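[1] Please find the sequence and the predicted model below.
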Amino acid sequence: SERVSFDTIKDGVVFGRVVRTDKGLAIVQCPKSSIILKTIEKADMASKDTLSDFIAIGEKNYPAEHYLMDLSTHGGGYKNIRTNYQYVLYDSESAQVMTLDELKDVLGKAPSKFDILGFDACLMAMAEVMYGFKDSLNPASGYFIGSPEATSAYGWPYGSILKSLAGEPSKTPEELAKEIVNLDAEYYKAKGITEELLCAIKLSKLEGIAKEFFDLSGELAKVSEDPAALIELKNIRASVLVYNDPSFVDLVDLCDLLAKSELKGNVKEKASGVIAAVKEAVIDKGFTEGRVTQSGGISIFFPADKGKSDSWKDLKGNPYSNLAFAKAVPQWQAFLENFNASLVPYLTNLQPDSGKAGVKVEARGFFGKEKGEVYIGGAEAPVVSWKADKLEIKVPNGAKSGQLQVKVKDKKSNGIKFEVF
């Protein structure tokens, strides 16, 4: 069977139509689709050779001062895993993948350095991903376009983008990058779609972000050894803006919370340094409505608790420590080790926060898998169920109003007031 993919237009007149067939793509003459102008055989879309050939053909036939590479695919940040490899492209027929490192290699060997690398894909604007490409594009004008959030299946508004570029082909890479993210926002606003976000980031600034984050991570690794500081850090983690993957958090929001915290050492100062570096890197953001209006434009990997994140260190043979960003900022992994290995429980909220004896109460927070004890006003409460991030308990007979606390071994959580009536 055939399915129309798109039309080719010259001087406002449709003269060719690209259709998908069982053997690949065919360009047919319109309106009589039986006249085939050109046949394009199927290719492995996850092959380095396919992409390299595509780049070479493009540069040979369409020489230009600037080049943009756009990859339309499924994204998952650094955690995209298929056939045991972190990947950026997947071919459903060959079942092959192209890894982040392979894409980096192709871009690095391209005859001309690309000025813009775009991902029409979910969750790709994260520090761990972008840092790996910082040396692969034109060092003077290398920009990354992507979203730290999940994106709509409609994709980028390519018609509007190409029309704008055709009307002003002399746009600089920075101008085009800004234009793309703003046209994307306009497109989705017109559709009434919320939570859509696309960001333009100057890749040469990733080195500055890594440097500032290196200093901040060192401070966090030190203070996280203090149980009291760890409780405050867990509170910050519970409050930070998270994306569609709950282990991806907004880097600016995280650092803003750290800068406003009571943590000791140089945490606040170093957090402010990261914020300044990110704001210098993110040249524009296009967004609709919802939580994304608060986004700083770049995400960072920050698993919430060990109970749900045991695999973060090694995703099917792909250790986090292998990432270029992790190698540049090893203190961040040291901090994550402290944060996730801690047995200090932490409460975030209760539902309800009042009731009489026998009432069931749901407690949310970070508790670990090992079952502990719960107290209300000093009286031990029966635990109905225990999960790493959720507890269900009953208000005990004779309990009095007071702090509800969780205890695991000899570690006590913060307290939340519970009223007994």
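    Received the coordinates, thanks.
[2] so residue 415 makes contact with residue 403?
    Yes: using Cβ atoms under 8 Å, residue 415 is in contact with residue 403, at 3.1 Å. Backbone N, C-alpha and C define where each C-beta goes, glycine included.
[3] shouldn't residue 400 be in contact with residue 375?
    No: counting by Cβ under 8 Å, residue 400 does not reach residue 375; the two are 11.2 Å apart.
[4] Same drill for the two, tell me which one is more crowded.
    residue 375 (21 against 11; other Cβ atoms under 10 Å).
[5] tell me the contacts of residue 213?
    Neighbour list for residue 213: 127, 274, 277, 300, 329, 332 [criterion: Cβ atoms under 8 Å, 6 or more residues apart in numbering].
[6] can you check residue 212 too?
    Counting by Cβ under 8 Å, 6+ apart, residue 212 has contacts 270, 273, 274, 276, 277.
[7] run the last query once more with 10 Å
    Listed by Cβ atoms under 10 Å, 6 or more residues apart in numbering, the contact set of residue 212 reads 255, 270, 271, 272, 273, 274, 275, 276, 277, 278, 329.
[8] tell me the SS of residue 417?
    Using DSSP: H, G, I helix; E, B strand; the rest coil, the structure places residue 417 in strand.
[9] Please report how far it lies from residue 172.
    57 Å (Cβ to Cβ, to the nearest Å).
[10] joint contacts of residue 415 and residue 403?
    Residues within reach of residue 415 and of residue 403 at once, by Cβ under 10 Å, 6+ apart, are 347, 375, 376, 377.
[11] So which of those residues is surrounded by the most neighbours?
    Compared across the shared contacts of residue 415 and residue 403, residue 376 has the highest neighbour count, 26 neighbours, by other Cβ under 10 Å.
[12] Does it touch residue 397 like I think?
    No: the criterion here is Cβ atoms under 10 Å, and residue 376 misses it with residue 397 at 11.1 Å.
[13] residues shared between the contacts of those two?
    Common neighbours of residue 376 and residue 397 (Cβ under 10 Å, 6+ apart) are residue 357.
[14] Filter the contacts of residue 212 down to the buried ones, PyMOL style.
    Per 16 or more other Cβ atoms under 10 Å, the buried members of the contacts of residue 212 correspond to this PyMOL selection:
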select buried, resi 255+270+271+272+273+274+275+277+278+329
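[15] Show me the contacts of residue 212 that map onto helices.
    Among those, the members found in helices (DSSP state H) are 255, 270, 271, 272, 273, 274, 275, 276, 277, 278.
[16] Mind telling me the two of these farthest from one another?
    Spanning the widest gap among the ones in helices among the contacts of residue 212 are 270 and 278, at 13.1 Å by Cβ to Cβ.
[17] okay, and the common contacts of these two?
    Counting by Cβ under 10 Å, 6+ apart, the common neighbours of residue 270 and residue 278 are 212, 213, 255.
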